[in-house]
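Q: no sequence for this one, just the structure:
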């Protein structure tokens, strides 16, 4: 690919469960997003977010088991380098970061890496801000830096999500909080992830001078340390889950651990169901939907991820294992129960 015209980069960030993937789905529905390469980064080793991105014909590139702001930054560079050296036409690259990512080292990668600086140009850092949980996240300093505040501070565009779930007063308070952290940010409202695509991509909003004002050492070696109290518990289960028992357990689990459970998500193989079930949640809130059908020759497996503080990984894995069925003949029905809320 010729390097005379740089490929614009949109970095889509936001704290855990803020609505990044929902926004990404809405963006990809637009014809304006044709020939967009999508890179999804996840904190744990199990990839769930790519399954939550629907209606995408092209493959989604995944970088797992760490944040691209630190341990897997080299993977980001190699992934983009590989993309640009291929034959696939690429008009832009959109990167959805893990909810624990600090934008500063990601921005740095595109400025100081010789290959990336010659072939790409940051278009905008877009931060999704949850209008419901913003106060909780900003107050939760944990044992390290406040990642949610960092994400807002470096944003060129702030997408205020879940506006259909708050009143006008809460919206105004959320926007004032964002403006107090980042007076220069462009504000965009979103209901169910729906926004004007032109307000998100091809906006040429990135300004290095603003970033240097926030972080004068941006172009030097940055060290980003995550809150070590936040852990990711990953569960894989080959046996089909007993549907009613599993959802009773899941609802009880999130109710019991909601305050310390930052994020939950999973792809489920349910006994008697021909389609996978995909769920995700923030604190005590859960949402789920049927996914694509399991292929006839596909190995069915449940993959779940819980991110939070004080989680007992051994207990979680044992309890889920107790919710399985060994009789493969139970996988017979053609459609799952259309239960929006389990």
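A: Sure thing, it's come through. As the structure is a computational prediction, the values presented were derived from the model and not from experiment.
Q: contacts, neighbours, all on C-alpha from now
A: Noted.
Q: could you pull out the helices for this protein?
A: Assigned by DSSP state H, the helices in the chain fall at 20-28, 49-52, 73-85, 103-112, 114-119, 134-139, 147-153, 168-181, 208-214, 243-257, 313-321.
Q: which strands and helices sit next to the last one?
A: Translated: helix 313-321. Applying 3 or more CA pairs under 8 Å, 6 or more residues apart in numbering; DSSP states H and E, one finds that helix 313-321 contacts strand 230-237.
Q: just how off-centre is the strand it packs on within its chain?
A: The chain centre lies 16 Å from the centre of strand 230-237; the measure is CA atoms, centre = their mean, to the nearest Å.
Q: Give me the residue ranges of the stretch 101-250 of the chain where confidence is low.
A: Within the stretch 101-250 of the chain, the stretches with pLDDT under 70 are 140-145, 215-229.
Q: run the last query once more with 50
A: For the stretch 101-250 of the chain, the stretches flagged by pLDDT under 50 are 142-144.
Q: Quick check: longest strand in the protein by residues?
A: Using DSSP state E to define each element, the chain has its longest strand at strand 120-130.
Q: Pull the number of nearby residues for residue 99.
A: 25 (other CA atoms under 10 Å).
Q: Check residue 213 too.
A: Residues near residue 213, counting by other CA under 10 Å: 10.
Q: hmm, back to that, and for the longest strand of the chain, what's in contact with it?
A: Residues outside strand 120-130 that contact it (CA atoms under 8 Å, 6 or more residues apart in numbering): 6-15, 17-20, 103, 107, 110, 151-152, 154-162, 200-206.
Q: Selection in PyMOL covering whichever of these are buried, please.
A: Buried members of those, defined by 16 or more other CA atoms under 10 Å, are picked up in PyMOL with:
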select buried, resi 6+7+8+9+10+11+12+13+14+15+17+18+19+20+103+107+110+151+152+154+155+156+157+158+159+160+161+162+200+201+202+205+206
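Q: Spatially nearest residue to residue 36, not counting backbone neighbours?
A: Excluding the flanking residues, the one nearest residue 36 by CA to CA, 6 or more residues apart in numbering is residue 92, at 5.0 Å.
Q: Tell me the pLDDT of that neighbour.
A: Looking at residue 92, its pLDDT stands at 92.
Q: so it touches residue 35, yeah?
A: Yes: if you go by CA atoms under 8 Å, residue 92 and residue 35 touch, sitting 7.0 Å apart.
Q: Which one's more surrounded, the two?
A: Legend: neighbour count by other CA under 10 Å for residue 92 and residue 35, higher for residue 92 (21 against 14).
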